[in-house]
Structures are given as structure tokens and as C-alpha cells.
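Q: Generate coordinates for the sequence data below:
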Amino acid sequence: MAPPCARRRLPGLSAKARGYLSVRGWWMLSPQLLGGLLARMEQRKRQRDRSMVADIDTRVWIIDLDHGGEMDFVLVEPSRAKPNLRFISILSPFGEALFGARVGDMVHPRFLGHEYSVLIKRVEPWQESES
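A: Sure, this is the predicted structure:
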């Protein structure tokens, strides 16, 4: 017969995850070690979430839902904008529509008098050294 703690149902976990945790004895971690582990997990989650928002100095990959194309842009301050190199200002109509968008969002920027429907595919931080 399994020990009482292994028989307890762990809510929200898959059968594989429950099996892994029941074998590994996760309940035997010291409170300090468990607290440190949870803090690191929360910090990584915050870093992932922050990198998923289109902001200044981020590269944004989009899918044009109207024409089926895929492109990437770097959002920059107006003084560093070079549209021919796909560095677009956050104050341009296209940059303004992308600014603050998250992966999976559909935005409708206006460009040259037309409204487009684009899907945000990926957002990553961009450093000046990548150019």
C-alpha cells in the first residue's frame, strides 16, 4: 500500500507530473529551499512575461493576415528610426499599433491609408550590437 501522502490527489497536475512528484518526495524539501525555488520560478516567469510585450528595443515578428506574409520589425525611438532597415518608430502609425502588443494579439495598424490585420507571432529583446 502506498504511503498516505502519495495517495493524495494533487490538483491541477497531469498524471505524469503527479507520478514524478510522488516518487521524488517533494514534500521533504526544507522551507528555505522550497521558498528559494518558488522565488526563482516566479522571477523567471516575470522575465518571460516582460519579454513578451512589444516595447522600445524589441524585435516583433508579425504575420500579415490579409496578404499572408511574415515580417519582423525593431521598435525604436523616433530619432533612431530607419524604415528601410525595418527599424520603425513607436510614434509611427505602424509602431504605435504594435507598441504594447503581446504574442497572440491581433492588431490593426493603418499604413499608407489602408488598415491591415496582423498577428503578433513572436517578441524578443533586441540589443544595439545585433545590427
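
Q: Please, where are all the strands along this protein?
A: Along the chain, the stretches classed as strands by DSSP state E are 58-64, 70-76, 87-89, 106-107, 110-111, 114-115, 118-125.

Q: how distant is the fifth one from the center of its chain?
A: In terms of C-alpha atoms, centre = their mean, to the nearest Å, the centre of strand 110-111 is set 25 Å apart from its chain centre.

Q: For that strand, the averaged confidence score.
A: Confidence over strand 110-111 (mean pLDDT, whole number) is 80.

Q: partner strands of it, parallel or antiparallel?
A: Sheet neighbours of strand 110-111, with direction, are listed as strand 114-115 (antiparallel) (DSSP bridges).

Q: The longest helix along the chain versus strand 118-125: what angle between them?
A: In the chain, taking DSSP state H as the definition, the longest helix is helix 31-51. Counting by axes from the mean of the first three to the mean of the last three C-alpha atoms, to 10 degrees, helix 31-51 lies at 130 degrees to strand 118-125.

Q: what's the distance between the residue nearest the centre of the chain and residue 111?
A: Nearest residue to the geometric centre of the chain (C-alpha atoms, centre = their mean): residue 52, 2.7 Å. If you measure residue 52 against residue 111 using C-beta to C-beta, to the nearest Å, the figure is 24 Å. (C-beta placed from N, C-alpha, C; glycine too.)

Q: shouldn't residue 71 be in contact with residue 64?
A: Yes - under the contact definition of C-beta atoms under 8 Å, residue 71 touches residue 64, with a separation of 7.1 Å.

Q: neighbours of the nearest residue to residue 64 once chain neighbours are set aside, just the number please.
A: Spatial nearest neighbour of residue 64, excluding adjacent residues (C-beta to C-beta, 6 or more residues apart in numbering): residue 118 at 5.5 Å. The burial count assigned to residue 118 is 25, neighbours taken as other C-beta atoms under 10 Å.
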